[in-house]
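**Student:** Got a sequence here, can you build the structure:
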Amino acid sequence: MREPVEIRRQRILAVVESRGAVKVSALAAELDVSVVTVRRDVEELARVGRLRRGHGVARPLGDAQPASGVPAPRGDESAGTGGAVALVVPDRHTYLYETLHGARTVLEESGIRIALHIAHQSAGAERALVERALADGARGLLIAPRWRNARSQELDYGWLAGLGVPTVLMERRPRPGSALHALDSVCSDHWYGTHLAVEHLVQLGHRRIVLAARDDSPTARSIRAAFAEIAAARPEVEDWTVVLSSPDAVPGPAPDAPAAGAADPTAPASDTRTALDLAALLRERGATAAVLHGDVDALMLVQRLAESGVDVPRDCSVVAYDDVVAALGSTPLTAVAPPKAEIGRAAAELLLHRLSGAAGESGPVRRTELLPTLVVRGSAQAPSPGSK
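**Tutor:** Below is the predicted model:
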């Protein structure tokens with residue numbers, strides 16, 4: 001699936017604002033797109049005042065060009081990264097780039113150098129980056145592992161627990177009782193965010209609701225489990241089911257994957273179709289509302305619904321989950337908005353506390369949860385008369 005232009009440009013801003021001046025050729029290699037594409041993106045971002053550009057270089061707005069004309073090194077472009085705080089996030093993950101921005105603000109205000117590492121999708125990518133950062137002298141770590149499946153998550157527990165430097169997980173909650181249970185973490189309360197979505201739809205009068213969600217991240221799995229629990233417990237909800245929001249939104253094979261035919265506890269309706277059949281599924285089940293995760297999948301699904309003759313919100317009310325680009329569609333989507341930047345800020349503040357000396361090094365482990373909010377934009381309304 002081709003990455004939307006707006007998301008790619010947000011990724012460019014994330015890298016530039018975290019590192020300072022960056023060569024266009026380096027951006028192209030890191031984002032896995034052509035130099036021509038990145039150059040056009042940088043020109044457009046400069047035109048609208050989001051960054052500054054020079055000869056083959058993109059700079060943040062506050063980054064003055066040295067008299068020599070050579071970009072000043074910052075972050076992980078400096079000579080070595082000794083004493084820096086390493087930030088590790090997955091590539092192609094705009095949601096977590098907003099979290100990164102929040103952390104960056106706190107660290108820069110404290111005079112802490114940042115070494116940003118973007119992990120590719122290959123297995124073990126985060127571990128290699130962290131080991132490199134530690135070898136370069138990083139004194140602390142903020143990390144959001146990809147964890148596409150439960151097995152990859154479990155395999156990371158051991159080495160993450162033994163790093164020997166203050167570490168804070170962002171938007172990740174380890175399994176209770178695991179080796180990482182006693183590691184500092186800051187994340188969104190996705191149960192509450194899912195509750196906001198269901199409550200909004202129920203209050204509007206919807207009684208048959210579909211969740212079309214990804215299944216390839218800890219956030220996605222939390223939302224699926226929360227929806228199953230909440231929908232099953234609400235007497236007003238007469239029918240509900242869970243499907244994939246995109247055919248590529250699966251965690252992939254894993255050594256601990258369930259055997260063929262094993263039941264998915266978050267999909268009691270035993271519907272195995274992908275979200276590409278969402279319009280047909282809505283008609284078959286008489287559903288009048290859908291919760292869609294994440295934003296890009298939600299916008300594409302709303303477009304496909306329109307192509308199938310299903311109008312949003314007249315025929316189907318929609319609440320998106322993530323609120324990164326939910327407002328940018330032809331139908332701006334009501335969305336659950338996790339406090340993405342605030343997660344990063346809280347995580348950075350906690351890491352600074354740990355780095356502050358004896359007082360920060362001691363004290364209880366902190367597992368902080370921040371509550372999402374619901375942003376109402378009009379893609380959900382009361383079901384039309386006569387609908388099931």
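
**Student:** how far does stretch 309-329 sit from the chain's center?
**Tutor:** Taking CA atoms, centre = their mean, to the nearest Å, one finds stretch 309-329 lying 18 Å from the centre of the chain it belongs to.

**Student:** what about it, average pLDDT?
**Tutor:** Per-residue pLDDT values over stretch 309-329 give a mean of 95.

**Student:** can you pull the buried residues of that stretch?
**Tutor:** Of all the residues in stretch 309-329, those buried under the rule 16 or more other CB atoms under 10 Å are 310, 312-313, 315-326, 329. In this view, the C-beta of every residue, glycine as well, is placed from N, C-alpha and C.

**Student:** Identify the farthest-apart pair in those.
**Tutor:** Taking CB to CB, the two most distant members of the buried residues of stretch 309-329 are Asp315 and Val324; they sit 25.4 Å apart.

**Student:** Looking at the buried residues of stretch 309-329, which is nearest Gly111?
**Tutor:** Within the set of the buried residues of stretch 309-329, Val324 lies nearest Gly111; the separation is 29.7 Å, counting by CB to CB.

**Student:** Please name the residues that touch Gly102.
**Tutor:** When contacts are counted by CB atoms under 8 Å, 6 or more residues apart in numbering, Gly102 touches Lys340, Ala341, Glu342, Ile343, Gly344, Arg345, Ala346, Ala347, Ala348.

**Student:** Next, format the residues you listed as CSV and append distance to Ala249 and pLDDT.
**Tutor:** Supplementary listing: the contacts of Gly102 in CSV, determined by distance: CB to CB, whole Å; pLDDT from 0 to 100:
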residue, distance to Ala249, pLDDT
Lys340, 20, 95
Ala341, 25, 94
Glu342, 26, 96
Ile343, 22, 97
Gly344, 24, 96
Arg345, 29, 96
Ala346, 28, 96
Ala347, 26, 97
Ala348, 30, 95
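
**Student:** Among these, find me the one that's closest to Glu238.
**Tutor:** Of all the contacts of Gly102, the one sitting nearest Glu238 is Lys340; the distance, using CB to CB, is 33.6 Å.

**Student:** Count the residues that sit near the closest one.
**Tutor:** Taking other CB atoms under 10 Å as the neighbour definition, Lys340 ends up with a count of 24.

**Student:** Grab the nearest non-local neighbour of it.
**Tutor:** Glu98 (3.9 Å; CB to CB, 6 or more residues apart in numbering).

**Student:** So the one you found lies in a helix, does it not?
**Tutor:** Yes. With the criterion set as DSSP: H, G, I helix; E, B strand; the rest coil, the secondary structure at Glu98 is a helix.

**Student:** Count the residues that sit near it.
**Tutor:** Neighbour count for Glu98, taken as other CB under 10 Å: 21.

**Student:** can you pull the contacts of it?
**Tutor:** By CB under 8 Å, 6+ apart, Glu98 lies in contact with Val324, Lys340, Ala341, Gly344.

**Student:** Distance check, the second one against Arg139.
**Tutor:** So the one you mean is Lys340. Counting by CB to CB, to the nearest Å, the gap between Lys340 and Arg139 amounts to 25 Å.

**Student:** ok, which stretches of this protein are helices?
**Tutor:** Secondary structure of the chain (DSSP state H): helices located at 5-19, 24-31, 35-47, 94-109, 125-135, 150-161, 190-204, 218-233, 278-285, 295-307, 340-355, 358-361.

**Student:** ranking those helices by mean pLDDT, which is last?
**Tutor:** For those, mean pLDDT drops lowest on helix 358-361, to a mean of 58.

**Student:** Tell me how many other residues surround Gly164.
**Tutor:** Per other CB under 10 Å, the neighbour tally for Gly164 reads 6.

**Student:** Now render the helices of the chain as JSON lines, adding distance to Ser245.
**Tutor:** Formatted as JSON lines, the helices of the chain follow (distance: least, CB to CB, whole Å):
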{"stretch": "helix 5-19", "distance to Ser245": "16"}
{"stretch": "helix 24-31", "distance to Ser245": "24"}
{"stretch": "helix 35-47", "distance to Ser245": "26"}
{"stretch": "helix 94-109", "distance to Ser245": "14"}
{"stretch": "helix 125-135", "distance to Ser245": "24"}
{"stretch": "helix 150-161", "distance to Ser245": "19"}
{"stretch": "helix 190-204", "distance to Ser245": "14"}
{"stretch": "helix 218-233", "distance to Ser245": "9"}
{"stretch": "helix 278-285", "distance to Ser245": "8"}
{"stretch": "helix 295-307", "distance to Ser245": "4"}
{"stretch": "helix 340-355", "distance to Ser245": "19"}
{"stretch": "helix 358-361", "distance to Ser245": "41"}
